[in-house]
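1. Need the 3D shape of this:
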Amino acid sequence: MTKFNKEKGSVTIQLDANVWNILNTVHEQTGINKSTQVENLIKDEVKNTDSILAHCEDELERIATEKMEEAERLLKIVDQTKAQRKQLEPYKTAISPTPKPKIKRASTNALVFTQDSVDGLRPQDKDVWFHDIQTKGLAIRSKKDGMTYYSRAKNEKLSRYTLKVKIADTRYMTLEKAKEVHAKNIKTILEDGINPNKVVPDLKNKGRHKNVAIKETETKEASTTDWKLYSGIRYNSGLGLQILASLLNKNPDMKATCLSKYMNGSYRIRGERILDMFETDGMSIFEISRKEMITDGRGQHGVRHMSLQNTVLQVCKAIYHHGSVKDKAVFKSSLFAK
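-> Just a heads-up that it's a prediction; the model follows:
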């Protein structure tokens, strides 16, 4: 308790009628004012705190009663809170906020791919994807102009987006064959870490791969062959395979490159895609040359369309390494004819 050492002070007090009349009578008889009477009385009676508290028993009891009632009220609140918390304990997990799960859009066009179910699909007015329930990543993209098999897979080392790799038109490839190509695409993406859609090295790495591209795609043969004459060759254009084989026989360097193995997985994947364009999509040599781009340091930004000569070479190499048994037999019989 803090002590106040004050020399003098004043106190305002309220007196009842009886005390007031006594002090007033003394004042009338003696002339001593009331405040002096009270001051002298206090001086005589007040010796210490106990002497004051002895005259404040009723007030002390009132204060003690109020504090006890307040304490009881607070204790009741504590007991109620404990009881409520105990009742809610079993539901704590249920009412605790949980993070919202990521919404994964479910495919509404999922079905089991069979040859009959694929044949039963029809081109859609808008871009629609159908997904095979049994073969992960195998899909069919349906548009106005037709339907195409695709491989879909995600490798974050290659891209943060799902890679979509075209396989073939459903009209020209069986489901069984599409699954074989799809398995190769999935292995290339997930195991080999190669994006099948990128058959040429990234531009940022073009300096490291530039000479490789030239070595794989160009020959030193400086023939006078007019390659434009062969730009219209298609897979189903009669003696197309035999004509291509005869062109290689006239150009030994090109023939040697055709018979050699692919330099890496990227070129092998490109060969498979070129064969698909030639055989399945029915594209001509010229159309393939306009679609395929190569990086070799020439042209703007180091990228240009594949030349007609190079396209002929790549189509021949694709037939030699990836063609069907029948096509290989026809091609090789002309290629190695005596």
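2. which parts of stretch 33-40 are buried?
-> By neighbour count on 16 or more other Cβ atoms under 10 Å, the buried set for stretch 33-40 is Gln37. (Glycine included, C-beta is placed from N, CA and C.)
3. Contact partners for the closest residue to Val181 other than its chain neighbours?
-> Nearest residue to Val181, sequence neighbours excluded (Cβ to Cβ, 6 or more residues apart in numbering): Ile167, at 4.9 Å. Ile167 makes contact with Thr148, Tyr149, Tyr150, Ser151, Met173, Ala178, Val181, His182, Asn185, Asp276 under the criterion Cβ atoms under 8 Å, 6 or more residues apart in numbering.
4. in the stretch 51-200 of the chain, what spans have low per-residue confidence?
-> Scanning the stretch 51-200 of the chain with the threshold set as pLDDT under 70 gives 91-108, 199-200.
5. Tell me where it has helices.
-> With helices called from DSSP state H, counting those that start in this stretch, the stretch 51-200 of the chain shows them at 57-88, 92-95, 115-120, 175-186.
6. Pick the most buried one from these.
-> Among the helices of the stretch 51-200 of the chain, helix 175-186 has the highest mean neighbour count (mean count of other Cβ atoms under 10 Å), at a mean of 18.
7. Show me what that one is packed up against.
-> helix 115-120, strand 138-143, strand 146-153, strand 163-169 (3 or more Cβ pairs under 8 Å, 6 or more residues apart in numbering; DSSP states H and E).
8. returning to that earlier point: now render the contacts of Ile167 as CSV, adding distance to Ala245.
-> Converted to CSV, these look like this (distance: Cβ to Cβ, whole Å):
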residue, distance to Ala245
Thr148, 30
Tyr149, 29
Tyr150, 32
Ser151, 31
Met173, 24
Ala178, 28
Val181, 25
His182, 30
Asn185, 29
Asp276, 20
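9. quick check, nearest of the residues you listed to Ile140?
-> Proximity of those to Ile140 (Cβ to Cβ) peaks at Tyr149, which lies at 6.0 Å.
10. ok, for the closest one, nearest residue in space, not its chain neighbours?
-> Computed as Cβ to Cβ, 6+ apart, the closest residue to Tyr149 that is not its neighbour in sequence is Ile167, at 3.7 Å.
11. Just want to check the distance between that neighbour and Glu176.
-> To Glu176, Ile167 is 12 Å away according to Cβ to Cβ, to the nearest Å.
12. which intervals of the stretch 201-338 of the chain have sub-threshold pLDDT?
-> Ranges of the stretch 201-338 of the chain meeting pLDDT under 70: 201-223, 295-303, 338.
13. Domain map for the protein?
-> 18-46, 110-173, 203-335 (automatic domain parsing).
14. and these as JSON lines, adding distance to Ile77?
-> Shown next, in JSON lines, are the domains of the chain (distance: least, Cβ to Cβ, whole Å):
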{"stretch": "domain 18-46", "distance to Ile77": "41"}
{"stretch": "domain 110-173", "distance to Ile77": "55"}
{"stretch": "domain 203-335", "distance to Ile77": "69"}
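15. so Ile269 sits right up against Thr188, yeah?
-> Yes. Using Cβ atoms under 8 Å, Ile269 is in contact with Thr188, at 6.1 Å.
16. Could you tell me which residues touch both of the two?
-> With Cβ under 8 Å, 6+ apart as the test, Ile269 and Thr188 both reach Ile194, Pro196.
17. So which residue is dead centre in the protein?
-> The centroid of the chain falls nearest to Arg160 when counting by Cα atoms, centre = their mean (6.8 Å).
18. contacting residues for that residue?
-> For Arg160, the contact set (Cβ under 8 Å, 6+ apart) is empty.
19. what sits against the residue nearest to Gly240 when sequence neighbours are not counted?
-> Nearest non-adjacent residue to Gly240, counting by Cβ to Cβ, 6+ apart: Ile233, 4.9 Å away. Residues in contact with Ile233, defined by Cβ under 8 Å, 6+ apart, are Gly240, Ile243, Leu244, Ser284, Ile285.
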